[in-house]
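Enquirer: Give me coordinates for this.
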Amino acid sequence: MLDLIILGLHFFICFLISIAIWCGPKDVDLHSSSTGRAEIEPDGLIFIGKEEDIKKSQRITAKINGREIVVFYHEGKFHALDSRCYHEGGPLCRGEIEDINGQACIVCPWHKFKITLETGEGLYEGIDPLEPSPTPKWQSKGVKQRIHKLTIDNENVYVSPPDLSVSFDSDYFADKYKNGGELAMGK
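Expert: Reported below is the predicted structural model:
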């Protein structure tokens, strides 16, 4: 009987923690005007933030025409990609950055999928069963995550609108979480 009480208490605490996370602090869309549209410059670039602010925070999320992106500043470089993991839509803005074979990778906090910041490739550790002593090696699944082109001008960081004529696996979740719907980040 005591086991059932402890188990019930455990589930109740887990439920409260999940509610606290679900209803926790929201990402603020600092890069949209009051109409909900991103600030588009005359040359088509979209303002994301001040270079120094992003360097201090190491990462920032923004919405580009309703599409959530995350900009990382890591080891002296800026990287921008869709904010939702290509696998199941995990929030990459909450992931840790790891070095894998000399490549900076964001690790999805939900299922630990690894994505290179530079190219958007999904990485996995696999073996060649035909080798006499197979040892796991990091391999590419190909480009899975949409990467966004960044421009830094006059200490401002801009992103180019995505080329949607080419599709990536992450596009599915970018569309699913678009425009502040019920699945939007932080909701």
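Enquirer: need the helices for this protein, in chain order.
Expert: Secondary structure of the chain by DSSP state H: the helices cover 2-22, 51-57, 171-176.
Enquirer: In contact with the nearest residue to residue 153 once chain neighbours are set aside, which residues?
Expert: Computed as CB to CB, 6 or more residues apart in numbering, the closest residue to residue 153 that is not its neighbour in sequence is residue 45, at 7.9 Å. (C-beta placed from N, C-alpha, C; glycine too.) Neighbour list for residue 45: 151, 153, 158, 159, 160 [criterion: CB atoms under 8 Å, 6 or more residues apart in numbering].
Enquirer: Least reliable of the helices of the chain by average pLDDT, please.
Expert: Of all those, mean pLDDT reaches its minimum on helix 2-22 (a mean of 67).
Enquirer: Could you tell me which of the contacts of residue 45 are located in strands?
Expert: Among the contacts of residue 45, the residues falling in strands (DSSP state E) are 151, 153, 158, 159.
Enquirer: thought the last one was touching residue 149?
Expert: Yes - the criterion here is CB atoms under 8 Å, and residue 159 meets it with residue 149 at 6.8 Å.
Enquirer: returning to what we had before: and which of the ones in strands among the contacts of residue 45 is nearest residue 169?
Expert: Within the ones in strands among the contacts of residue 45, the smallest distance to residue 169 is 19.8 Å, found for residue 159 (CB to CB).
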